[in-house]
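[1] Need the 3D shape of this:
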Amino acid sequence: MATDWYPDEEREIVQGFNIGFCYCDAAVAEGAAVKKGTSASGRVAVTTAAAVGDGIGVALKAGSAGSYIPVCTYGLIKMTCANATAITIGDFVMNSAESGVIGGAHVNAKGTSTNVKLFGGSSYVLGMALQTSTAISDEILVLVGKCI
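    Numbering: from 1, shown residues only. Model (predicted):
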């Protein structure tokens, strides 16, 4: 199990680039990966990421449909591992279909997974693991950044 180096802190450890005015197309849970929603003039819309790798950031607060929430698109976030496959420090991670992040054999820098596309607008990478995990529900630090 990963050591929780920040037991008194949850979610955002170091503030990076946050968008503080994201419009919720539907309910979003705090700490959930979010994907782009249905944008309209004058707003940046998000909704909960539902498919593996479609996340663009992490919700810093919960929000109901029609409310506005802050979303971290670059920064240091504590996230929960969603797969039992070990995630090693330095592995690329992406959001899972449930909640949390997956990495290890699922996502890696060599591109052996069909789920990973590095760099550019079609990247499925949500960030990079800064701690190693070995089990589901381990909490690790993730450097969130869509195009690392």
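
[2] Touching, residue 132 and residue 140? I think so.
    Yes: with contact defined as Cβ atoms under 8 Å, residue 132 and residue 140 form a contacting pair (7.4 Å). C-beta here means a position set from N, CA and C on the backbone, and glycine is covered the same way.

[3] More neighbours: which of those two?
    Neighbours were counted for residue 132 and for residue 140 using other Cβ atoms under 10 Å; residue 140 has more, 25 against 17.

[4] Help me confirm that the more buried one comes into contact with residue 133.
    Yes: the criterion here is Cβ under 8 Å, and residue 140 meets it with residue 133 at 4.9 Å.

[5] tell me the secondary structure for the residue of the chain most remote from its centre?
    In the chain, residue 41 marks the outermost C-alpha relative to the chain mean, sitting 25.8 Å out by Cα atoms, centre = their mean. With DSSP: H, G, I helix; E, B strand; the rest coil as the basis, residue 41 sits in coil.

[6] Please renumber the chain so that the first residue is 595 from this point on.
    Sure, I'll start counting at 595 from here, so that last one is residue 635.

[7] Against residue 694, how distant is it?
    Residue 635 is 34 Å from residue 694, where distance means Cβ to Cβ, to the nearest Å.

[8] repeat for residue 649
    Look at residue 649 and residue 694: by Cβ to Cβ, they are 11 Å apart.
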